[in-house]
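Participant: Quick one: sequence and predicted model below, then my questions.
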Amino acid sequence: MLQRLFYIASLAGLILLAGACSSSDSPPTSIFDGPTTTPRPISSGTLADLEEVLADIYDNVNASVVNIQFSGGTSSGGFQDFNSQGLASGFVWDKKGHIVTNEHVVIVGDSLVVTFHDGFSAPAKIIGTDRDSDLAVIKVDVPEERLFPIEVADSTRLNVGRLVAAIGNPFGLAGTMTVGFVSALGRVLPVRTDSPQGGIYSIPDVIQTDASINPGNSGGVLVDSDGLLVGVPSAIISPLQVSAGLGFAIPSVIVGKVVPALIDDGEYRHSWLGIRVLTVNPGIAEALDLDGGTRGAMILELTPGSPAERAGLVGSQRLATINGTEIRVGGDVVIAIDGQTINSTDDLITHLARYTSVNQTITILILRDRQEQTIEVTLGARPSF
């Protein structure tokens with residue numbers, strides 16, 4: 001079955017940025033022919049405790065979540081063109097009126113209106129956007145007493161299986177909370193791009209959750225059991241363009257780096273190495289005459305004039321057939337950055353996003369001709385495409 005990645009702002013409460021979906025006005029019905037034996041009782045105390053936790057999450061967080069209405073724009077980046085009205089979500093960042101949402105929400109509209117949990121509405125203006133993290137900051141001019149900033153947790157401390165809740169505006173249904181678990185960590189999402197060739201960069205460290213995320217949740221909050229922000233819902237994978245239990249959220253570790261820069265400068269400068277890489281597997285290791293257990297990220301090519309090229313890193317220049325596929329091999333294999341082991345392409349992308357900044361000099365440990373070498377690289381700013 002074909003699966004596609006959809007960004008999840010909602011048009012008129014019913015339309016995905018990448019397509020349409022429908023809902024029924026009739027409530028679902030079900031018939032359960034239960035077992036004839038008495039089921040094992042659930043501890044009422046445990047269930048009551050869980051319910052209290054969930055109720056507290058909603059009570060403490062919902063006032064921080066806002067609904068965003070956008071209208072009059074035309075989408076870009078390969079998404080469906082429209083001239084309509086859409087609904088999405090956002091959350092209060094500070095007492096100065098800054099609201100955080102997804103970049104793919106704000107770039108499609110000429111006007112933005114923010115509605116708070118109590119129904120109060122105010123126009124908003126765009127302060128800054130960053131396509132490469134799918135984050136944006138908008139601002140409203142309202143009294144401080146209407147603003148309840150979200151509290152932020154460190155998403156790098158999450159574990160698979162952790163309880164999480166999503167609160168947002170799915171299908172225009174304000175203040176909706178759904179509950180699930182962290183299904184996986186360290187996912188990578190392609191960056192939306194205008195290029196017909198598709199994304200060049202990726203968003204690392206992404207959180208996968210089975211908490212129900214639907215059109216309109218985009219830009220809302222994913223919080224932990226303490227009601228602290230761990231992620232910003234951004235996309236789903238679903239053949240039906242509605243929740244299929246595969247939702248993805250931009251992690252708070254990225255939000256915490258990008259949002260202050262958007263507020264201060266209107267943009268975020270991503271550190272840039274200027275390489276395309278491929279995860280080393282046993283087939284590639286054999287083609288490089290390396291031990292089969294070697295892990296790392298092999299450099300396929302260097303961007304001309306990039307920090308990597310200036311530092312003397314080497315890309316792949318010869319062809320090899322691996323599992324029936326012809327690929328280029330022979331480039332440097334990155335195995336560590338600043339002492340942190342790099343086992344894959346995702347590790348390299350995540351390290352650069354989490355721990356580095358523009359103009360920072362990093363130490364890269366590579367394998368070249370089966371020998372370890374250390375190369376220092378001063379990172380640049382990622383160019384726009």
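Facilitator: Thanks, I have it.

Participant: Spell out, range by range, the strands that occur in the stretch 1-150 of the chain.
Facilitator: 5-7, 10-11, 15-16, 19-20, 65-71, 85-92, 98-101, 111-115, 121-130, 135-140 (DSSP state E, counting those that start in this stretch).

Participant: Given the last one, what are its sheet partners and their directions?
Facilitator: For strand 135-140, sheet partners with direction are given as strand 98-101 (antiparallel), strand 121-130 (antiparallel), following DSSP bridges.

Participant: wait, what's in contact with residue 300?
Facilitator: Counting by CB atoms under 8 Å, 6 or more residues apart in numbering, residue 300 touches 275, 276, 277, 278, 315, 316, 328, 331. For every residue, glycine as well, the C-beta is placed using N, CA and C.

Participant: Quick one, grab the pLDDT at residue 200.
Facilitator: pLDDT recorded at residue 200 is 69.

Participant: nope, residue 190 is what I meant
Facilitator: So, for residue 190, pLDDT stands at 81.

Participant: what is it paired to in the beta sheet?
Facilitator: Applying DSSP bridges, one finds that residue 190 bridges with residue 202.

Participant: roughly how far apart are it and residue 183?
Facilitator: Distance of residue 190 to residue 183, computed by CB to CB, to the nearest Å: 19 Å.

Participant: Now for the protein, the helix or strand with the poorest mean pLDDT.
Facilitator: Sorting the helices and strands of the chain by mean pLDDT, DSSP states H and E puts strand 19-20 at the bottom, at a mean of 26.

Participant: Pick out whichever of residue 190 and residue 183 has more residues nearby.
Facilitator: Neighbours were counted for residue 190 and for residue 183 using other CB atoms under 10 Å; residue 183 has more, 18 against 13.

Participant: thought that one was touching residue 211?
Facilitator: No - using CB atoms under 8 Å, residue 183 is not in contact with residue 211, being 9.0 Å away.

Participant: ok so, going back, for the contacts of residue 300, give me TSV that also has distance to residue 230 and secondary structure.
Facilitator: Below are the contacts of residue 300 laid out as TSV (distance: CB to CB, whole Å; DSSP: H, G, I helix; E, B strand; the rest coil):
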residue	distance to residue 230	secondary structure
275	30	strand
276	30	strand
277	28	strand
278	30	strand
315	37	coil
316	37	coil
328	38	strand
331	36	coil
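
Participant: most centrally placed residue in the protein?
Facilitator: Nearest residue to the geometric centre of the chain (CA atoms, centre = their mean): residue 250, 2.7 Å.

Participant: can you tell me the helix or strand for it?
Facilitator: strand 247-251 (DSSP states H and E).

Participant: Quick check: what element follows that strand along the chain?
Facilitator: The C-terminal neighbour of strand 247-251 among helices and strands, as given by DSSP H and E, is helix 252-265.
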